[in-house]
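**Q** pasting the sequence and the predicted coordinates here, then a few questions.
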Amino acid sequence: MKEYLRKLFFYRELLLNLTVKEVKVKYKNSFIGFLWSMVNPVMMLAVYYVAFGIIFKLRALGMTRYEFYLLSGILPWNFFSLSLMQSVSSVVNNADLVKKVYFPREVLPLSYIGAASFHFLLQELVLVVFLLIFRLSLSPWIFAMPLLLLLQLVFTAGLSLYLSALNVFFRDIQHFTEIALLAWFWITPVVYPISFIQESFPAWAERIYMLNPMAHIVLLWQRITYNSPANGPQAAYFSVEGFVYAVVLSVFLLISGYYLFCRLEGRFAEFI
Amino acid sequence: MTVAREIGARLVSDVPALELRGVGKCFRLYRDINRSLKEKVVNWRKRGYELFWALQDVDLTVYKGETISVIGPNGSGKSTMLRLMTGIMKPNRGSIATHGTIAALLDLGAGFHPDLTGRENIYLNASILGIRKKDLEPIFQDIIDFSDLGPFIDNQVKNYSAGMYVRLGFSIAINVNPDILLVDEVLAVGDESFQAKCLDRISRLQESGKTIVLVTHNADLAEAVSDRVLWLERGRVKMLGDPQEVVDAYHEAMSTRPEGTEFGNRDIVIESVQLLDGEGRPSEVFRTGEPLVLRLRYTARKPVEDPVFGFGFYDRLGLMVFGTNTRLREVDIPRVEGSGVVEFVIPSLSMLDGRYYVSVAAHTRDGQVNYHWLDKKYCFDVTSPGRDSGYLTMECEIRVSSGG
Ligand SMILES: Nc1ncnc2c1ncn2[C@@H]1O[C@H](COP(=O)(O)OP(=O)(O)O)[C@@H](O)[C@H]1O
Ligand SMILES: [Mg+2]
């Protein structure tokens, strides 16, 4: 294990290059390039503003700025879902590299997560700028962003290592992941406030609901970018146990996922 | 302590660079390529594959500064051995120890990203080989120069020809200055002048004490450049030692080969192969410039998606003279089931006098799984009108003029 880590460290430049490659390739033939990453949240904001803010009158739920609430949760969710979707098939899609050159294979899923992080950070930047433009108060918690990003990265990386390794042997996993993410989205408080779950379901159902680590991660993102009580009480939700649970689970996933990946990677080349 | 040993003309140390001890590599040949979780669950009791030992009991020590060539017929495990040396695959038995940095050029290309330019791929490829950016800067221009790609270096790699691909790959592999260079069959691609350049570079690497393992179909090339030659046959070491001895024995075995070998998982079975002349009569002797039809009948026991049928002509030394398949010729066969016929029609044979061996095969699109491969099982003779010499005939108009 230690030797594997040393090797990974030796190849850190490759990880960086693959990440940069991924960012470059994505916008290779587009005119405004990675500005698309920034246009994306602006467009979402505009659409949600019209769709939810005006038509559905969600302000009745006590959320004055629903579109910002939504954006504060959906950006990290999209980051998670994009990272996972791309990294699951990363080893299989890079069959050419895997069959022809040796390098630690974990840089493949990790580089997709790296590239997705780049887009995500740009989008978060846009969100913060818009919060300022609309004079919504920011909390000092905003400075915890790197830590929260780290937590989400650990969780995503752990899961990706599991899925991308197993996907080499069972190709169904990438299709399954796609569908699972669709369902997962709706059991995570992105579109609706967490109070909706607390109020409409019995306590045991809520406890099960809270087993979803992404629920805690998304709640934390909402809290740090959209915290002012003026923006609605839901925004201020925070649970310490939930945070600890998410951290422990993520670290466990990463370590065990990395172990599994290293065990299986020797057989990748002959399977794809 | 390093005691120099003399092998051939050069001095070679007795410090090992690559050590293979009792190495065995086993593949699972799936009866179904479609490996899905569902099938795995449904047939969890049945083993859906057969074991196939591509390499067995291989013992080999390559010393620092030595050049070893690996020869052997198709499917004898040469490429697999190289893959094991790089670490791309792990052996199932035995152990492999490597001492020093390795750069490898396997099959075609070195793993490029099609959407990136040649230049961007150099950066990417170098970092895959573990080269730091600062170590790359000084050799960057050398890589571009040697590849001879000129302005194409800034084009996307997906627009490159096979030759350009190999040139760039080879250029990177030799310029990053590895301790050990592994090369698989790439010298067969590319034009004469590039091959000459590669050979020249290989001899310079030899002089500077690099360790080289060269896989080649061309036994004469193996004899010319290496200190020792390893002959693999069906995954086992058949002979290892002095280049001339091994290559002579190899030639001998190839020309007196009683019958070819067959392998594959037999999802598609090639039942018969016929060589027909212009009138559709089976024949074993053809004349240069006359038509030849290669007709193969197959039977697929169950539906097979997207198979590729192909054939190759080989000379006595096992060198492929010509080969093609339905993939290369863009003839898509979406699915076969039951029996059928595939005909390859050659309107005019180009080869000159000699005996030619024929291999036919059915395999998957990516060539990773062979359904049935009949290796050099058939042969035919060609007689030519004696107007040309060499391997092939070609159109040639001669203009003579005097004065000026
Ligand atoms: N990934 C794989 N899965 C199953 N069989 C394989 C795989 N790779 C190679 N083989 C088989 O192993 C044998 C040796 O292949 P290879 O090393 O490519 O031979 P060579 O390079 O000498 O032509 C062949 O029969 C080939 O079909
Ligand atoms: Mg080969």
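**A** Structure received. Ligands and ions are numbered 1, 2, ... in the order given.
**Q** for the rest of this, base every contact and every neighbour count on C-alpha atoms.
**A** Noted.
**Q** in contact with the closest residue in space to residue B:349 that isn't next to it in sequence, which residues?
**A** Closest residue to residue B:349 apart from its sequence neighbours, by Cα to Cα, 6 or more residues apart in numbering or on different chains: residue B:289 at 4.8 Å. Residue B:289 makes contact with B:347-350, according to Cα atoms under 8 Å, 6 or more residues apart in numbering or on different chains.
**Q** which residue ranges of the chain form helices?
**A** Chain wasn't specified; assuming chain A. A:2-10, A:12-26, A:35-48, A:66-88, A:90-93, A:95-100, A:107-133, A:145-169, A:172-186, A:194-200, A:203-209, A:213-225, A:240-264, A:268-271 (DSSP state H).
**Q** should've been chain B
**A** B:37-42, B:78-86, B:118-128, B:133-147, B:162-175, B:192-207, B:219-225, B:243-255.
**Q** CSV for those helices, including distance to residue B:304?
**A** Formatted as CSV, these follow (distance: least, Cα to Cα, whole Å):
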stretch, distance to residue B:304
helix B:37-42, 16
helix B:78-86, 26
helix B:118-128, 36
helix B:133-147, 41
helix B:162-175, 29
helix B:192-207, 39
helix B:219-225, 37
helix B:243-255, 33
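**Q** could I get these as a markdown table with mean neighbour count, distance to residue B:396 and mean pLDDT?
**A** What follows is the helices of chain B, written out as a markdown table (neighbours: other Cα atoms under 10 Å in any protein chain shown; distance: least, Cα to Cα, whole Å; pLDDT from 0 to 100):
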| stretch | mean neighbour count | distance to residue B:396 | mean pLDDT |
| --- | --- | --- | --- |
| helix B:37-42 | 12 | 59 | 64 |
| helix B:78-86 | 22 | 39 | 91 |
| helix B:118-128 | 23 | 37 | 86 |
| helix B:133-147 | 15 | 31 | 89 |
| helix B:162-175 | 23 | 25 | 83 |
| helix B:192-207 | 15 | 20 | 83 |
| helix B:219-225 | 18 | 29 | 85 |
| helix B:243-255 | 17 | 32 | 85 |
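**Q** thinking again about what came up before, JSON lines for the contacts of residue B:289, including distance to residue A:110?
**A** Listed next are the contacts of residue B:289 as JSON lines, based on distance: Cα to Cα, whole Å:
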{"residue": "B:347", "distance to residue A:110": "53"}
{"residue": "B:348", "distance to residue A:110": "54"}
{"residue": "B:349", "distance to residue A:110": "53"}
{"residue": "B:350", "distance to residue A:110": "52"}
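**Q** the residues you listed in strands, which ones?
**A** Within the contacts of residue B:289, no residue falls in strands by DSSP state E.
**Q** quick one, which of the residues you listed are buried?
**A** Buried members of those, counted by 16 or more other Cα atoms under 10 Å in any protein chain shown: B:349-350.
**Q** redo the contacts of residue B:289 as TSV? Include pLDDT.
**A** Formatted as TSV, the contacts of residue B:289 follow (pLDDT from 0 to 100):
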residue	pLDDT
B:347	93
B:348	92
B:349	92
B:350	92
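**Q** now for the contacts of residue B:289, which pair is the farthest apart?
**A** Maximum pairwise distance among the contacts of residue B:289 (Cα to Cα): 9.7 Å, between B:347 and B:350.
**Q** and the gap between the residue lying closest to residue B:299 once chain neighbours are set aside and residue B:359?
**A** Spatial nearest neighbour of residue B:299, excluding adjacent residues (Cα to Cα, 6+ apart): residue B:339 at 4.1 Å. When distances are taken as Cα to Cα, to the nearest Å, residue B:339 and residue B:359 turn out to be 20 Å apart.
**Q** dump the helices of chain A to CSV, plus mean neighbour count.
**A** Formatted as CSV, the helices of chain A follow (neighbours: other Cα atoms under 10 Å in any protein chain shown):
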stretch, mean neighbour count
helix A:2-10, 12
helix A:12-26, 20
helix A:35-48, 16
helix A:66-88, 23
helix A:90-93, 22
helix A:95-100, 20
helix A:107-133, 20
helix A:145-169, 21
helix A:172-186, 15
helix A:194-200, 13
helix A:203-209, 12
helix A:213-225, 24
helix A:240-264, 17
helix A:268-271, 19
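**Q** ligand 1: which of these is closest?
**A** Smallest distance to ligand 1 across those (Cα to the nearest ligand atom): 3.8 Å, for helix A:268-271.
**Q** now do that closest one: distance to the chain's middle.
**A** On the basis of Cα atoms, centre = their mean, to the nearest Å, helix A:268-271 is displaced by 29 Å from the centre of the chain it belongs to.
**Q** got it, and stretch B:73-89?
**A** That offset, for stretch B:73-89, works out to 10 Å (Cα atoms, centre = their mean).
**Q** got it, and stretch A:14-28?
**A** Relative to its chain's centre, stretch A:14-28 lies at 18 Å (Cα atoms, centre = their mean).
**Q** returning to that earlier point: I'd say the residue nearest to residue B:299 and residue B:302 touch.
**A** No: counting by Cα atoms under 8 Å, residue B:339 stays clear of residue B:302, with 10.3 Å between them.
**Q** more neighbours, those two?
**A** residue B:339 (14 against 11; other Cα atoms under 10 Å in any protein chain shown).
**Q** list the contacts for residue B:384?
**A** B:287-288, B:352-353.
**Q** okay if I get the residues you listed as a markdown table plus pLDDT and neighbour count?
**A** A markdown table is the format used below for these (pLDDT from 0 to 100; neighbours: other Cα atoms under 10 Å in any protein chain shown):
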| residue | pLDDT | neighbour count |
| --- | --- | --- |
| B:287 | 87 | 19 |
| B:288 | 89 | 20 |
| B:352 | 87 | 22 |
| B:353 | 83 | 19 |
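**Q** please save the CA atoms from stretch B:201-220 in PDB.
**A** Output in PDB follows, covering the C-alpha atoms of stretch B:201-220 (Å, rounded to 0.1, in the frame of the first residue of the first chain):
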ATOM      1  CA  ARG B 201      19.200   5.400 -33.300                       C
ATOM      2  CA  ILE B 202      19.000   1.900 -31.900                       C
ATOM      3  CA  SER B 203      22.600   1.300 -32.600                       C
ATOM      4  CA  ARG B 204      23.500   4.600 -30.900                       C
ATOM      5  CA  LEU B 205      21.400   3.600 -27.900                       C
ATOM      6  CA  GLN B 206      23.300   0.300 -27.900                       C
ATOM      7  CA  GLU B 207      26.600   2.100 -27.900                       C
ATOM      8  CA  SER B 208      25.500   4.300 -24.900                       C
ATOM      9  CA  GLY B 209      24.900   1.100 -22.900                       C
ATOM     10  CA  LYS B 210      21.100   1.000 -23.000                       C
ATOM     11  CA  THR B 211      19.200  -2.300 -22.600                       C
ATOM     12  CA  ILE B 212      17.000  -3.100 -25.500                       C
ATOM     13  CA  VAL B 213      14.400  -5.800 -26.000                       C
ATOM     14  CA  LEU B 214      13.100  -5.900 -29.600                       C
ATOM     15  CA  VAL B 215      10.200  -8.000 -30.800                       C
ATOM     16  CA  THR B 216      10.300  -8.500 -34.500                       C
ATOM     17  CA  HIS B 217       8.900 -10.700 -37.200                       C
ATOM     18  CA  ASN B 218      12.000 -10.100 -39.200                       C
ATOM     19  CA  ALA B 219      14.500 -12.800 -38.000                       C
ATOM     20  CA  ASP B 220      17.200 -11.300 -40.200                       C
END
